[in-house]
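Enquirer: quick check, what structure comes out for this input:
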Amino acid sequence: MKISTIAAAAALAFSALSAQAAEIATAKGPVSIAKPPTTVAVFDIAAIDTLDRIGVKPAGLPEELYLSRLEPLKQGAEIVGDLFEPDLEALSALGPDLIIVGGRSSTKADTTAQVAQTIDMTMDGDDLVDQAKQRLAAYGALFGKQGEAEKAARELDDRIKAAKVAVAGKGNGLIVMTNGPKVTAYGPGSRFGWVHAALDLPPAVPDVKAADHGEAVSFEFINKANPDWLLVLDRAAAIGSGEQGAKATLDNELVAQTTAWKKGQVIYLPAAEFYIAAGGVQSMQRVLTTIAEAFADAR
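Expert: Purely as a prediction, here's the structure:
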């Protein structure tokens with residue numbers, strides 16, 4: 001009888017311990033989550049990308065995932081809105097334990113919080129790599145996937161090291177985004193500044209205005225900057241708008257006079273991975289691999 005009592009007490013203590021709140025890092029600071037969630041709705045593509053890497057399948061997803069490799073996640077999942085607007089009726093019917101928003105969906109955190117606890121996992125800026133690792137560790141702890149999270153973090157570190165080696169001593173770079181016929185530039189401190197910071201890639205123009213949507217520039221600007229490398233994001237390709245592509249937009253006499261164009265040192269980055277899923281560990285690895293391979297091939 002005494003042994004049974006001790007066993008029961010131990011089981012109760014273990015149950016209490018496992019039910020303790022977990023504190024994880026979010027874009028709004030530390031947040032306590034009472035118990036490991038079993039039904040999760042996720043509106044942020046970067047979060048979906050990272051969760052997929054560690055083997056967590058969300059029960060609720062946005063209608064458009066933008067990355068074809070994530071499409072299989074829709075099998076068995078409920079569509080609960082899109083990146084910008086949750087479907088509260090579908091979300092309520094799903095009855096999630098936790099809702100994850102970030103980036104484009106972050107403005108709806110208060111709305112989704114009416115249905116279930118919501119955490120904002122937004123990431124951007126020069127320290128995107130560190131933020132991505134923080135999110136990865138948080139998801140690993142939250143879903144009991146610490147081993148997979150640690151493995152993914154090591155893989156990311158390896159990709160960064162390889163890209164840094166490839167980039168070293170190969171000149172400066174300018175990040176531009178085309179949106180149909182329009183062009184904007186990004187530098188250190190911007191939403192894409194992490195490329196310069198993580199890879200020690202010197203900026204062709206150090207004082208590009210740091211802004212979410214970049215600094216609108218002309219082809220004369222690119223010509224004057226004369227970058228050794230052009231890193232190009234095709235927004236139309238990322239969102240599937242069907243507008244004029246980056247290659248057509250940049251194919252003109254002024255850009256053709258730059259060192260980057262003359263040497264064939266124009267890198268078209270994986271568009272959706274770089275733009276929509278920024279900070280997702282798998283997407284970040286694909287971007288880094290693209291950069292590393294291009295620089296490694298440089299003469």
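Enquirer: ok, the nearest residue to residue 145 once chain neighbours are set aside - how many residues close by?
Expert: Once flanking residues are discounted, residue 145 sits nearest to residue 54: 4.3 Å by C-beta to C-beta, 6 or more residues apart in numbering. C-beta here means a position set from N, CA and C on the backbone, and glycine is covered the same way. When counting by other C-beta atoms under 10 Å, one arrives at 20 neighbours for residue 54.
Enquirer: distance of residue 54 from residue 106?
Expert: Distance, residue 54 to residue 106, using C-beta to C-beta, to the nearest Å: 22 Å.
Enquirer: the helices in the protein, which residues?
Expert: Taking DSSP state H as the test, the helices found in the chain are 2-18, 45-53, 88-94, 109-112, 128-142, 146-167, 194-199, 219-225, 235-239, 246-250, 253-256, 259-262, 271-275, 281-296.
Enquirer: where does this structure dip in pLDDT?
Expert: Applying pLDDT under 70 to the chain picks out residues 1-21, 210-213, 299.
Enquirer: excluding chain neighbours, what is closest to residue 83?
Expert: In space, and not counting its chain neighbours, residue 83 is closest to residue 104: 4.5 Å by C-beta to C-beta, 6+ apart.
Enquirer: and that neighbour, what is it in contact with?
Expert: Counting by C-beta atoms under 8 Å, 6 or more residues apart in numbering, residue 104 touches 44, 83-84.
Enquirer: one step back: okay, the helices of the chain in CSV with distance to residue 31 next?
Expert: Formatted as CSV, those follow (distance: least, C-beta to C-beta, whole Å):
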stretch, distance to residue 31
helix 2-18, 19
helix 45-53, 14
helix 88-94, 19
helix 109-112, 11
helix 128-142, 9
helix 146-167, 18
helix 194-199, 24
helix 219-225, 42
helix 235-239, 30
helix 246-250, 39
helix 253-256, 46
helix 259-262, 43
helix 271-275, 27
helix 281-296, 21
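Enquirer: any idea which of those helices is most buried?
Expert: Stretch with highest mean neighbour count among these: helix 45-53 (a mean of 26; mean count of other C-beta atoms under 10 Å).
Enquirer: which helices and strands does that helix pack with?
Expert: helix 128-142, helix 146-167, helix 281-296 (3 or more C-beta pairs under 8 Å, 6 or more residues apart in numbering; DSSP states H and E).
Enquirer: a markdown table for these, including distance to residue 192?
Expert: Shown next, in a markdown table, are the helices and strands packed on helix 45-53 (distance: least, C-beta to C-beta, whole Å):
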| stretch | distance to residue 192 |
| --- | --- |
| helix 128-142 | 8 |
| helix 146-167 | 15 |
| helix 281-296 | 10 |
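Enquirer: one step back: any of the contacts of residue 104 buried? List them.
Expert: 44, 83 (16 or more other C-beta atoms under 10 Å).
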